[in-house]
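*Asks:* For reference, the sequence and a predicted model appear below.
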Amino acid sequence: MTSCLRGYAFYQAITVAVGSFTRSSAERFGSACAVAFSPDGSQLAAGSDGAVKVWDWKEGQLLHTFRGHEKNVISVAYSRDGRLLASACTGEGVKLWDPHAGGPPLRTLPGQRHPHSGLAFSPDGGRLGIACLDHTLKLRDTTTGALLTPPMVHTGTVESVAFNPDGLRLASAGDDKTVRLWDPETGREVLGLRGHTGRCGCVAFSPDPHGWRLASADIDGTICVWDATPLRPR
């Protein structure tokens, strides 16, 4: 079962709801290509030209500036416990940082020449899902950098990735207008969800313990909410 919301009116409602916050933040924090809140809501990480900046957003105070990327940082993500911050750009490895202590990267996971368009940690922080514009989704060990499954493949660029809250499913969305569900233990595709009419650039699970709802959005202005209960592992 799925429910889809289409068109400008819904987008406009979202924009109105957060518009004042977005405008004031642009003046305070500068420009960014990617942003992420820490799980406890105390930090805001922003990726920009060759750097990741971590802010105490309530006070407008810059806490850390992480340098080391040579190009625009287009993806950032926190681990669920807030102890790791991942960042990625084009043609480089994914870097992992300590967002509290600062300093150089803790480690760099293997990269490739195509842009890394999305990042998502597993709930325990031990694995990182990496969406890439080479049509693949990769799952790497955050300690060793090892590839844990064969690359998971779309027929177009992969734009977004998300773990469900219990870590038993991995979702990806892409240019092929599909949302795909994967078993992160094997890399096997569990289910393909079709219904979007444009490039699908966002995917997110609901925060209930098992993530029984899955939302996805495409460039045509459609947001679909999928019933994910059939994905319960048996």
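*Replies:* Alright, I've got the coordinates.
*Asks:* Show me the chain divided up by domain.
*Replies:* Domain ranges of the chain: 31-111, 114-234, per automatic domain parsing.
*Asks:* pLDDT score for residue 225?
*Replies:* Model confidence at residue 225, given as pLDDT, is 93.
*Asks:* what about residue 74, how many neighbours?
*Replies:* 21 (other Cβ atoms under 10 Å). Every residue, glycine included, has its C-beta placed from N, CA and C.
*Asks:* Use 32 as the first number from now on
*Replies:* Right, with 32 as the first residue, what we last looked at is residue 105.
*Asks:* By mean pLDDT, flag the weakest helix or strand of this protein.
*Replies:* Lowest on mean pLDDT, DSSP states H and E among the helices and strands of the chain sits helix 39-60, with a mean of 40.
*Asks:* Restrict the following helix or strand past that one to CA atoms and write it as CSV.
*Replies:* Elements were assigned by DSSP states H and E; along the chain past helix 39-60, the next helix or strand is strand 65-68. Output of strand 65-68 as CSV, limited to C-alpha atoms (Å, rounded to 0.1, in the frame of the first residue of the first chain):
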residue,chain,number,x,y,z
ALA,A,65,24.8,19.4,2.6
VAL,A,66,23.5,19.6,6.2
ALA,A,67,22.7,17.2,9.0
PHE,A,68,21.6,17.6,12.6
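*Asks:* Need the contact partners of strand 65-68.
*Replies:* Strand 65-68 is touched from outside by 74-78, 88, 104-109, 116, 118, with contacts defined as Cβ atoms under 8 Å, 6 or more residues apart in numbering.
*Asks:* so what strands line up beside that strand?
*Replies:* Sheet pairing of strand 65-68 (DSSP bridges) gives strand 74-78 (antiparallel).
*Asks:* Run through the neighbouring helices and strands of whatever helix or strand comes next after the strand it pairs with.
*Replies:* Downstream of strand 74-78, the next assigned helix or strand under DSSP H and E is strand 80-87. Helices and strands touching strand 80-87, by 3 or more Cβ pairs under 8 Å, 6 or more residues apart in numbering; DSSP states H and E, are strand 74-78, strand 92-103, strand 116-119.
*Asks:* okay if I get those strands as TSV plus mean pLDDT and mean neighbour count?
*Replies:* Formatted as TSV, these follow (pLDDT from 0 to 100; neighbours: other Cβ atoms under 10 Å):
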stretch	mean pLDDT	mean neighbour count
strand 74-78	95	23
strand 92-103	91	15
strand 116-119	96	27
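*Asks:* Format these as TSV; extra columns: distance to residue 125.
*Replies:* Below are the helices and strands packed on strand 80-87 laid out as TSV (distance: least, Cβ to Cβ, whole Å):
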stretch	distance to residue 125
strand 74-78	12
strand 92-103	10
strand 116-119	5
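*Asks:* And those strands: which comes nearest residue 133?
*Replies:* Nearest of the helices and strands packed on strand 80-87 to residue 133, taken as Cβ to Cβ: strand 92-103 at 4.2 Å.
*Asks:* so how far is the closest one off the chain centroid?
*Replies:* With Cα atoms, centre = their mean, to the nearest Å as the basis, strand 92-103 stands 18 Å off its chain's centre.
*Asks:* Of the contacts of strand 65-68, just say which sits nearest to residue 132.
*Replies:* residue 116 (11.0 Å).
*Asks:* now the closest one: how far from residue 200?
*Replies:* Here residue 116 is placed at a distance of 24 Å from residue 200 (Cβ to Cβ, to the nearest Å).
*Asks:* Against which helices or strands is whichever strand or helix holds residue 212 packed?
*Replies:* Per DSSP H and E: residue 212 is located in strand 209-214. Counting contacts by 3+ Cβ pairs under 8 Å, 6+ apart, the secondary-structure elements packed against strand 209-214 are strand 201-205, strand 219-225, strand 231-236, strand 244-249.
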